[in-house]
Each structure stands twice: as C-alpha cells, then as structure tokens.
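*Asks:* Give the three-dimensional model of this entry:
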Amino acid sequence: MGYLKNLEEIVNINSYTKNKIGVDNVGNYMSTWLLELGFKQSVYKRELIGNHLLFSSQKHDGLKILLLGHNDTVFPPNTFEGFLEDDLWVYGPGVCDMKGGNIVALESLRNLYKKNKTISNIDFLLVSDEETGSDDSKHLTSSLASNYDLCFVFEAAGENLEIVTGRKGVGTFTIYIEGLAAHAGTSYIKGVDANLEASYKLQKLSALTNVDIGTTVNIGKITGGIGANTISPSCELLVELRFSSNEEKQRLLNSLEEIVNTSYVKGTKSHIEGSIQRDVMETNEAQILLIKKLEEITESKILSEKRGGVSDANIVSSCGVTTLDGFGPFGDGDHTKKERALKSSFNQRIEMMTKILESFQK
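*Replies:* Numbers count the residues shown, from 1 in each chain. Next comes the predicted model:
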C-alpha cells in the first residue's frame with residue numbers, strides 16, 4: 001500500500017481553495033506522478049486560485065474517458081492539517097474529499113501502465129476550485145466535456161461502496177431589498193421597512209421547499225437595518241436552492257423571480273444577483289446500462305445511490321456525457337476536523353477501477 005505514502009505527502013500540504021501556493025504544490029506532486037505514466041500535461045494558469053491541470057493520453061478509435069478530481073480542500077491554513085493513520089483508517093484534510101479519490105485514480109493508472117507500458121483514450125482533469133462551487137473551472141470542464149464519451153468522478157464512495165448516479169443541482173442568490181430610513185420614534189410612518197419586506201419574502205421562499213421530491217430552499221443569512229431606532233432602509237437575503245430535476249429548477253427560478261418582483265411592503269424595491277452553480281445530475285438509462293457493463297467487467301455487484309450534495313459530476317453530466325461519481329474511497333467526516341477514509345476501501349476501489357480502465361484499452 002505504498003500509495004498511502006503518496007496520499008500522506010499531498011494531505012500534509014494545505015490546499016485550501018484560496019491558498020494558491022498550496023493547491024499548486026499538490027498539483028505539482030500529481031503532475032510528477034502522472035507524467036511518469038506518459039501523460040502530456042496542459043496547465044490552465046490562474047492568478048488567484050490554483051492552476052487547473054489536464055493530463056492527456058494518446059488517442060485511437062474507441063470510447064474516450066475522462067477521469068475527474070479536484071486538488072483543493074475546504075480547510076484554511078492552521079485549522080485542520082496533517083496526516084494520521086491507524087490499522088483501519090487514515091485521517092486528515094482531503095483523505096476522502098478528495099485527495100484520496102485522486103490517489104485511487106492515480107494508482108489505477110499506474111497499474112494500467114505497469115501492465116501495458118502505455119495508456120490510451122483516458123484523460124485526467126484536476127481542477128482547483130471545486131470546494132467553492134467551481135465558479136472558474138466549470139467553464140473549462142464544460143468546454144472539455146464534449147471530447148469524451150464517459151466520465152468517472154472520484155468523490156468518496158458510499159458507506160456500502162455505492163457509486164453515485166444522481167446529485168441535486170444547486171444555485172446561490174442574493175436578494176437586495178431597498179426601503180427608506182426614518183426615525184422610529186418621530187417619523188415611523190415615513191419609513192419603508194426593508195426588514196419587514198424581507199420577512200415576507202423569507203416565508204414565501206421557504207414555502208417553496210418540498211422535501212418529498214428533494215427540493216430545498218434555504219435562507220442562510222439575513223443582513224439588514226441600522227439600529228433599533230431606525231426603520232430599516234435595506235436588507236439582504238442569501239438564498240440557496242437545491243433541486244432533483246430540471247423541472248423543479250425551472251419552478252424555483254420562476255417563483256424566485258415572482259417573489260423578488262413583488263413588493264409585499266409598499267414602497268420597497270428589490271433586485272437579485274446570483275446563478276445556478278451546478279445543474280442537476282439525473283439518473284438516466286445510459287448510466288444504468290454502463291453500470292451493468294461495469295458489473296460484467298468487475299464480476300461484482302455495483303451498488304448505486306443519489307446524493308443531495310453536488311460535485312463536478314453535475315457539470316459533465318449536464319453536458320450530456322454519461323457520468324458516474326463516487327469512485328473514491330469510503331470516508332466520513334468530510335468538511336470537518338474528523339475527516340477520515342477506510343483503508344480497505346482504497347484497495348477495493350483501485351482494484352475495481354483498474355479492471356474498468358483496462359477493459360477500455362486496446
């Protein structure tokens with residue numbers, strides 16, 4: 001299990017999304033290892049975030065495959081750092097989300113190279129800003145997606161080693177409400193209360209939630225007003241939408257527009273900024289057929305699940321590429337200081353992915 005030493009090396013590097021030096025350092029390690037396997041590297045340089053990296057193999061007739069991962073983590077420097085292990089688990093920032101998944105992909109490619117002395121029709125994209133919504137890299141990922149027939153994403157596996165066939169879409173918006181300030185004691189009726197308007201909008205927005213079909217609307221932050229003796233002249237609502245179908249996305253967007261354009265308190269004005277960050281990844285027939293093929297290749301049952309969280313699988317899937325996620329190791333505690341990954345799941349995932357990638361080689 002020498003690959004755990006490689007995992008330790010990159011986990012010990014802080015690669016918080018805004019830590020460009022750290023993210024690029026992780027990318028340098030991955031570059032060194034992948035270039036040893038005959039890949040050619042394209043560097044998409046960025047000034048404020050880490051560079052995005054595409055590793056390309058030689059091409060011939062046949063299905064073209066994209067492996068997808070990210071080098072960044074959610075932990076700022078000095079908040080959660082260092083690699084630890086015991087008999088069963090490895091611990092540290094990114095061991096499951098998703099430096100561990102990147103190592104699964106790397107080790108599978110190493111196995112392929114050792115056997116064939118070459119790799120073809122398989123490319124590996126590592127982006128640097130997934131944990132902040134892929135606001136920059138999603139444009140690159142989308143532009144590259146049309147070059148591929150299949151995409152395997154290396155986010156963490158499920159508890160029973162499930163792969164992922166569906167993920168919710170997500171959008172983040174800020175609603176800005178303008179009222180009119182006035183002295184709450186002497187000129188109360190002259191004021192236009194932006195906070196009161198926000199309270200009406202909040203209730204309308206919350207009512208859009210339908211947990212039974214996977215739709216949630218969360219008003220995560222409210223900022224408004226000046227002080228207790230002043231009618232609030234402004235207020236902001238930070239809103240997140242999550243949805244499990246494109247139909248629900250459209251319903252939410254239409255309702256959001258209506259709520260923003262309606263003044264529940266006379267005299268208020270509102271506008272909205274934001275966007276859909278990632279479209280929904282819906283389970284489809286092509287995925288089901290692919291899973292059946294992978295079961296034949298690996299001679300094993302492959303379980304699958306849908307998740308509420310998003311990943312870059314959403315982006316590639318929305319471009320029409322048959323996409324499966326969750327090929328990393330099983331872990332838990334991701335995005336917390338208790339993040340860990342199960343050692344035995346690395347072996348399972350590497351063995352599985354080695355067989356899968358080998359089956360697509362000529």
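
*Asks:* Could you list the low-pLDDT ranges of this structure?
*Replies:* For the chain, no stretch has pLDDT under 70.

*Asks:* Can you show me the helices along it?
*Replies:* Counting by DSSP state H, the chain has these helices, from start to end: 3-11, 20-35, 99-116, 137-145, 194-206, 246-261, 285-298, 313-318, 343-359.

*Asks:* so what secondary structure elements neighbour the fourth one?
*Replies:* Under the contact criterion of 3 or more CB pairs under 8 Å, 6 or more residues apart in numbering; DSSP states H and E, helix 137-145 touches strand 52-56, strand 65-70, strand 122-127, helix 313-318. Just so you know, the C-beta spots here come from the backbone N, C-alpha and C atoms, and that holds for glycine as well.

*Asks:* Mind splitting the protein into its structural domains?
*Replies:* 3-167+280-359, 169-278 (automatic domain parsing).

*Asks:* Check the gap between the closest residue to Ser42 other than its chain neighbours and Glu36 for me.
*Replies:* Counting by CB to CB, 6 or more residues apart in numbering, Leu54 is the residue found nearest to Ser42 once chain neighbours are left out, at 4.4 Å. Note on Leu54: its distance to Glu36, by CB to CB, to the nearest Å, is 17 Å.

*Asks:* how about the domains of the chain in a markdown table, adding mean neighbour count?
*Replies:* Output for those, formatted as a markdown table (neighbours: other CB atoms under 10 Å):
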| stretch | mean neighbour count |
| --- | --- |
| domain 3-167+280-359 | 20 |
| domain 169-278 | 17 |
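
*Asks:* can I get the helices of the chain in JSON lines with distance to Thr172?
*Replies:* Shown next, in JSON lines, are the helices of the chain (distance: least, CB to CB, whole Å):
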{"stretch": "helix 3-11", "distance to Thr172": "29"}
{"stretch": "helix 20-35", "distance to Thr172": "22"}
{"stretch": "helix 99-116", "distance to Thr172": "25"}
{"stretch": "helix 137-145", "distance to Thr172": "13"}
{"stretch": "helix 194-206", "distance to Thr172": "13"}
{"stretch": "helix 246-261", "distance to Thr172": "12"}
{"stretch": "helix 285-298", "distance to Thr172": "27"}
{"stretch": "helix 313-318", "distance to Thr172": "14"}
{"stretch": "helix 343-359", "distance to Thr172": "31"}
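
*Asks:* what are the bridge partners for the nearest residue to Ile276 once chain neighbours are set aside, then?
*Replies:* Leaving out its chain neighbours, the residue that sits closest to Ile276 by CB to CB, 6+ apart is Gly171, at 4.0 Å. Note on Gly171: beta-bridge partners by DSSP bridges are Leu241, Ile276.

*Asks:* How about the contacts made by Gly171?
*Replies:* By CB atoms under 8 Å, 6 or more residues apart in numbering, the contact list for Gly171 reads Glu240, Leu241, Lys249, Leu252, Leu253, Gly274, Ser275, Ile276, Gln277.

*Asks:* next one: His139
*Replies:* Applying CB under 8 Å, 6+ apart, no residues contact His139.

*Asks:* Now the residue nearest the centre of the chain, what are its backbone angles?
*Replies:* Nearest residue to the geometric centre of the chain (CA atoms, centre = their mean): Ser311, 2.6 Å. When quoted as degrees, to the nearest 10, the phi and psi of Ser311 stand at phi -150, psi -180.
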